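> need the 3D shape of this:
(chains A and B)
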2 protein chains.
Amino acid sequence: MSQLETAMGMIIAVFDNYAKADGNRQTLTKAELKTLLENEFPNFLASGKDKDAIDTVFKNLDENGDSEVDFKEFVIFVAALTCCCHKYFEQITAK
Amino acid sequence: MSQLETAMGMIIAVFDNYAKADGNRQTLTKAELKTLLENEFPNFLASGKDKDAIDTVFKNLDENGDSEVDFKEFVIFVAALTCCCHKYFEQITAK
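Residues are numbered from 1 along each chain as shown, chains lettered A, B, ... in the order given. As a prediction, this is how the structure comes out:
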């Protein structure tokens, strides 16, 4: 597998790994999303400053308002985050 | 780094690796995109059936019509492809 294929496979594996916790592999519940964010982005919520962070992220991700985050909603979130990281690295290397 | 952080880093690395060929790391030219697709998805264009495939992909990716594919346009493409792969694997495991 190429590097890009591997990365795509890893994103699918991460979603599947957390989504299957409640028996329904199709979607992430809010509890599953919380575990995913805590484990995959340990620094993201570690500050403890914003206790509503999970609620905010979940509400933004759950585009169709069904209280579940499906794969499409998840991958758009990952794409947006990756875009932010890329911008950050661009700024670093431009300095 | 977590699995998700690693995957995001790999997507950035792949883009950077091909985008820098012409000296401008910010965007992929059509030639750079062609090399990227040929190397990263060797089966995607291998059939040789559709010689206009690169043109079609490039036109679809270049959302703002500036004849360059920037990182945001690229990451949306990767997200869409990942979504298709996820659907495919879902169907496989549902059988």
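> angle of the top helix by length along chain A against helix B:71-94?
In chain A, ranked by residue count with DSSP state H as the criterion, the top helix is helix A:71-94. Put simply, helix A:71-94 runs at 150 degrees to helix B:71-94, going by axes from the mean of the first three to the mean of the last three C-alpha atoms, to 10 degrees.
> so where's chain A uncertain?
Within chain A, the segments meeting pLDDT under 70 span A:45-51, A:93-95.
> which parts of chain A are strands?
All strands of chain A, identified by DSSP state E, fall at A:27-28, A:69-70.
> among those strands, which is nearest chain B?
Of all the strands of chain A, it is strand A:69-70 that lies closest to chain B, at 9.6 Å by C-beta to the nearest C-beta. (Glycine included, C-beta is placed from N, CA and C.)
> paired strands for the closest one, with orientation please.
Sheet pairing of strand A:69-70 (DSSP bridges) gives strand A:27-28 (antiparallel).
> related to what we said a few turns ago, mind putting the strands of chain A into a markdown table with mean neighbour count?
Formatted as a markdown table, these follow (neighbours: other C-beta atoms under 10 Å in any protein chain shown):
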| stretch | mean neighbour count |
| --- | --- |
| strand A:27-28 | 24 |
| strand A:69-70 | 22 |
